[in-house]
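[1] What would the 3D arrangement of this be:
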Amino acid sequence: MAGTNGNGGMTGLSPERIAELMAGRARNVYKPKLTQFVESDEAGVDPREVWPLEFKDKKASALYQGFRGVATEAGILVSEENPEGPILVKRQGDEVFILHIERVAAQATAAA
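    Okay, the predicted model is just below:
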């Protein structure tokens, strides 16, 4: 809780409280974060690592569904209906990754 310190100055929120508040709003940030990824030059990201305030405490199922949902809505998710979609949301156990298929292919080609 914010308040004042003994010198009349303001004290801020604790890191724990900030993380709690940010985790509660993750539902509204999937689309902006996916957009940020698409506009970057990254081949793939781990959302919990890249955006820890928003996603650190999110369950893998929530992350997977959230990012798949906004990618599907945007028409960019790789699927049977959209095999040319550039974005793949992949879940491996408790980990979720967002991959840009064209960039992954370019990295694989460059490494070969």
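[2] Tell me the buried residues in the helix ranked longest in the chain?
    Secondary structure of the chain per DSSP state H: the longest helix is helix 60-74. Across helix 60-74, burial judged by 16 or more other CB atoms under 10 Å covers Leu63, Tyr64, Gly66, Phe67, Arg68, Val70, Ala71, Thr72. C-beta: built from backbone N, CA, C; applies to glycine.
[3] likewise stretch 35-55?
    By neighbour count on 16+ other CB under 10 Å, the buried set for stretch 35-55 is Phe37, Ala43, Val45, Pro47, Arg48, Trp51, Glu54, Phe55.
[4] in this protein, which spans are helices?
    15-23, 30-39, 47-50, 52-55, 60-74, 101-111.
[5] Quick one: closest of those helices to Asp94.
    Comparison of the helices of the chain against Asp94 by CB to CB identifies helix 60-74 as nearest, at 4.8 Å.
[6] Summarise which helices and strands that closest one is packed against.
    Here helix 60-74 touches helix 30-39, helix 47-50, strand 87-92, strand 95-100, going by 3 or more CB pairs under 8 Å, 6 or more residues apart in numbering; DSSP states H and E.
[7] Let's have the ones you listed in TSV, adding distance to Gly12.
    Shown next, in TSV, are these (distance: least, CB to CB, whole Å):
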stretch	distance to Gly12
helix 30-39	24
helix 47-50	24
strand 87-92	35
strand 95-100	31
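[8] and the ones you listed as a markdown table, adding distance to Thr109 and mean pLDDT?
    Putting these into a markdown table (distance: least, CB to CB, whole Å; pLDDT from 0 to 100) gives the following:
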| stretch | distance to Thr109 | mean pLDDT |
| --- | --- | --- |
| helix 30-39 | 21 | 95 |
| helix 47-50 | 24 | 96 |
| strand 87-92 | 17 | 97 |
| strand 95-100 | 14 | 97 |
